[in-house]
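# Give me the fold of what follows.
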Amino acid sequence: MTLFSGHPVLSRLLRFAGLWLLGLVLAVVVFRQNVLQRTHTFYGDWDASIQSYAWNTANARAVRELHFKLWDFTTSSGTSFAGEMQTAPFYPVNWLFAWLGDPASVELQEWRLLAHFALAFAGAWALLRHLGRSRTAAAVGALLVSFVGSFALRAPAQPNIFESLSWLPLVVWLCQRALTAKERPWRSPAAWQAGCACGVMFLAGHLQPPVHTGLAVAILALFVGPWGWRALGARALTLGFIGAVAVLVALPQLAATIEYLAHSYRWIGAAEPTAPPHHVPYEIYAFKYVLQLGDWRLLFSPTATGAEGCTLFASFSGLALAAIGLLRPGRWGFFALTLGTVAVLISMGDGSWLGRLSYYVPGLNSVRTPVRALCLYHLALGLLAAGGIDLLRAWSTRWAARVGPVLAWAIAAGVAAEVAVHGIHYLKPRSAEFYPARYYGDAWMRTHAALTRAEAGAPVRFIALPNEAVPPNLGNVDGSLSMRGHRATMQMRYFKYLGRDWSPTGENFRRLGLRYIFSRDPIDGLREISTHNGLRLYERADALSIFQIKAGDSVRSARLRHVAWDDNAVRLAPEPGESGRLVFAQVKYPGWEARIDGRPVPLSSEDVFLALDLPAGAQRVEFLYRPAWFWPALLAAWAAALITVALTWRATPREDPLA
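Numbers count the residues shown, from 1 in each chain. Reported below is the predicted structural model:
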């Protein structure tokens, strides 16, 4: 620590890093069956395996090639990768973990989740210490927030939501410092850091944690000082500035998502998808993913869950300590009580007046699952439990000077032991069906899916019937080209095109370059070329390539010597003499450009597909995805980050948000 004693900011950064390392050690102990015994996994559920694992793998490969993955050629016959948002291509953590091992390593992704558990622990510890809690109380509260309840449940269910959620305690801490700073927010290191942290939270891949964090901070603003109009106005200004910085940091993802959702349908659990502007219907928001009256039993069950995997459990010892904390709550106890009550009422949807009202609050009504607001309930419970520890310590110290600290540490050890016992409930055996090493490891499936790119000059696509017959996002792992995939969204033009004729033997699918069909049921009129574990592989003899030449009413595969796929571009080398109307069987989307022999050429449409006029003698054709928003948004994010670093570096110990 003396190495950096001359600079207070570095010294305090090292202290926070020490907290993070402590959190990582605790995470390894709590989830010892994961990385120590290697018998269990966080990636045993459907969403974790087919979404987060596949997308993390694709992002890591892009990072190792020193670029962001903006487009996805492997899913839905080509679609925006960045626009989906949950894919999280701009999340800085991608750039840290991509270099630590094989991008497809499940073990590496397990460690990535443990690192986020450690982040949640360090942030919760810092928040509690800043609120005046003792070290023992901060340790207990941080354990309960990070390793039990809503936070921990998200890790195996939706890792991208969990990674975003792990920033919540840190953001609340930084916002609390910003709200109590004496200088204007634009001069406050804490305000800039809070905005950056909130922006990074959004970049992690989901809207829900930033929205509910905003709610927590808005409630916090009511408790940090007096309620005069002038004081409240100053805090509102600070929160507005923090939000503006967050928008700048998250601007690349925001720009991609706003553009994409303007062209897409979104599936939210209703019979039909939503169209732009994607309002969540009241019947979904208020009734489907909500806390029911009967769910109060979840308070005392470490394994039972309600809708969307929700829980009210936070360990038996944690519940007892929180109850003790309510006996003399103080200002921060009342804050926690308010926060937890609001979270529970919102999570009840139509079952409470506040749940009904929340549907009309911008931001909150964009989260289709009100029950996820329980993350704030568990944060509140951790704050109350920490207060309970300090209250017991104070009572015991009055009786005998040394009893209080000893009792506090004994209770902390008991809480830690109980948390460690419950860790197994958030893991699944590695024998689970969706464990990536098993789910993506079928050599027969991967060998035949790879046929879509086996012929250098004639790439084609496959489809699975049903969609789950093979891993829907297999292409994000191995690069195979699929007509389908698994997303919460789909481009409207593409969905409507598929709706013309869903027959795998029809002309509609032929124009998409469909050649291989994995099917659980027999398909008449197609040649079966292989079978494996009840799954048949069929081939269309009349299949077209993804790249086609159209002349009048006739269409044929383009004659190409070579096709090279990158994440955001595809490059073709036509055979000598090839010319005509070149069609790229991918739905037209903003941001696409084309070049022939290095010179820009206009792109047009052929039906819903991209097309250009290919002259005879062309040596090289390039289709490039270069959205207009990319560089301006990225530069804005970098500028906000650099200003934050500069202000933090210049901060005095009094101003430093890590003090």
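# quick one, phi/psi of V621?
phi -120, psi 130 (degrees, to the nearest 10).
# S366: what's it in contact with?
Taking C-beta atoms under 8 Å, 6 or more residues apart in numbering, we find S366 in contact with L207, V211, H278, V280. Backbone N, C-alpha and C define where each C-beta goes, glycine included.
# Name whatever forms a beta bridge with H40.
H40 forms beta bridges with P429, as assigned by DSSP bridges.
# ok, it touching R32?
No. The criterion here is C-beta atoms under 8 Å, and H40 misses it with R32 at 9.2 Å.
# Give me the more crowded residue out of these two.
Shown here are H40 and R32; by other C-beta atoms under 10 Å, H40 has more neighbours (23 against 17).
# Kindly list the main-chain dihedrals of S530?
Here is the backbone geometry of S530 (degrees, to the nearest 10): phi -170, psi 160.
# What residue, apart from its backbone neighbours, is nearest it spatially?
L537 (4.4 Å; C-beta to C-beta, 6 or more residues apart in numbering).
# Please tell me how far the one helix or strand the one you found maps to is from the chain's geometric centre.
Secondary structure from DSSP states H and E places L537 in strand 535-539. Using C-alpha atoms, centre = their mean, to the nearest Å, the mean C-alpha position of strand 535-539 is found 34 Å from that of the whole chain.
# Sheet partners, orientation included, of that strand?
In the sheet, strand 535-539 lines up with strand 514-519 (antiparallel), strand 527-532 (antiparallel) (DSSP bridges).
# before we move on, the earlier item: mind pulling the model confidence for the residue nearest to S530?
In this model, L537 is scored at 97, pLDDT.
# show me what contacts it?
L537 touches H448, Y516, I517, F518, S519, E528, I529, S530, T531, counting by C-beta under 8 Å, 6+ apart.
# Pick out whichever of these sits closest to A432.
Closest approach between these and A432, by C-beta to C-beta: F518, at 21.9 Å.
# any idea how far Y516 is from the nearest residue to the closest one once chain neighbours are set aside?
Using C-beta to C-beta, 6+ apart and skipping residues adjacent in sequence, the residue nearest F518 is A464, 4.4 Å away. Separation of A464 from Y516 (C-beta to C-beta, to the nearest Å): 10 Å.
# L560 now?
19 Å.
# Between those two, which has more neighbouring residues?
Y516 (24 against 20).
# before we move on, the earlier item: please pull up the helix or strand immediately following the strand holding L537.
strand 547-551.
# Direction included, what does that next one pair up with?
In the sheet, strand 547-551 lines up with strand 554-557 (antiparallel), strand 580-587 (antiparallel) (DSSP bridges).
# re the thing from before, quick one: buried ones out of the contacts of L537?
The neighbour count (16 or more other C-beta atoms under 10 Å) marks H448, Y516, I517, F518, S519 as buried among these.
# which element is the first one on?
Under DSSP H and E, the secondary-structure element containing H448 is helix 443-449.
# what's in contact with that helix?
440, 462, 470, 474-475, 478, 480, 482, 516, 518, 530, 532-533, 535, 537.
# Quick check: the farthest pair among these?
By the measure C-beta to C-beta, the contacts of helix 443-449 have their two most distant members at G475 and N533, which lie 20.8 Å apart.
# Pick out whichever of these two has more residues nearby.
Taking neighbours as other C-beta under 10 Å, G475 and N533 compare with G475 leading, 25 against 7.
# if I look at the more buried one, how far off is I50?
Distance from G475 to I50, counting by C-beta to C-beta: 12 Å.
# what sits in contact with each of the two?
By C-beta under 8 Å, 6+ apart, no residue touches both G475 and I50.
# hang on, the earlier thing: list the buried residues of the helix holding H448.
Quick answer for helix 443-449 (16+ other C-beta under 10 Å): M445, R446, H448, A449.
# can you map out the helices along the stretch 301-450 of the chain?
316-325, 330-347, 353-358, 374-399, 403-422, 436-439, 443-449 (DSSP state H, counting those that start in this stretch).
# quick one: buried residues of the second one?
Of all the residues in helix 330-347, those buried under the rule 16+ other C-beta under 10 Å are 332-333, 335-337, 339-340, 342-347.
# How about stretch 90-106?
Neighbour counts using 16+ other C-beta under 10 Å place F90, Y91, V93, N94, F97, A98, P103, A104, S105, V106 of stretch 90-106 among the buried residues.
# Dump that stretch to CSV, restricted to CA.
The C-alpha trace of stretch 90-106 is given here as CSV (Å, rounded to 0.1, in the frame of the first residue of the first chain):
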residue,chain,number,x,y,z
PHE,A,90,-20.0,-2.9,-25.7
TYR,A,91,-19.6,-4.2,-22.2
PRO,A,92,-16.0,-3.4,-21.1
VAL,A,93,-15.8,-6.7,-19.2
ASN,A,94,-15.7,-8.5,-22.6
TRP,A,95,-12.3,-6.9,-23.2
LEU,A,96,-10.9,-8.1,-19.9
PHE,A,97,-12.0,-11.8,-20.1
ALA,A,98,-11.4,-12.3,-23.8
TRP,A,99,-7.7,-12.6,-23.3
LEU,A,100,-7.7,-15.0,-20.4
GLY,A,101,-8.5,-18.2,-22.3
ASP,A,102,-10.5,-19.9,-25.0
PRO,A,103,-13.5,-17.8,-25.9
ALA,A,104,-15.7,-20.9,-25.8
SER,A,105,-14.4,-22.0,-22.3
VAL,A,106,-17.3,-22.6,-19.9
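# Mind listing residues that contact it?
By C-beta under 8 Å, 6+ apart, stretch 90-106 touches 41, 43, 53, 56-57, 59-61, 63-64, 68, 82, 88, 107-109, 111-112, 115-116, 163, 200, 203-205, 252-253, 435-437, 440, 477, 637.
# Give me the buried subset of the residues you listed.
41, 43, 53, 56-57, 59-61, 63, 68, 82, 88, 108-109, 111-112, 115-116, 163, 200, 203-205, 252-253, 435-436, 440, 477, 637.
# Sort out for me which of those are in helices.
Taking DSSP state H as the definition of helices, the buried ones among the contacts of stretch 90-106 contribute 56-57, 59-61, 63, 108-109, 111-112, 115-116, 163, 200, 203, 252-253, 436, 477, 637.
# lowest-pLDDT helix or strand in the chain?
When the helices and strands of the chain are compared on mean pLDDT, DSSP states H and E, helix 403-422 comes out lowest with a mean of 87.
# follow-up on the earlier one: which element follows the helix holding H448 toward the C-terminus?
strand 461-465.
# name the helices or strands packed onto that next one?
When contacts are defined as 3 or more C-beta pairs under 8 Å, 6 or more residues apart in numbering; DSSP states H and E, strand 461-465 sits against strand 514-519.
# pLDDT below threshold where in this structure?
Along the chain, the parts satisfying pLDDT under 70 run over 1-7, 397-402, 652-659.
# I'd guessed I424 sits against T39; true?
No. Under the criterion of C-beta under 8 Å, I424 is not in contact with T39, lying 9.8 Å apart.
# shared neighbours of these two, anything?
Both I424 and T39 are contacted by Q33, under the criterion C-beta under 8 Å, 6+ apart.
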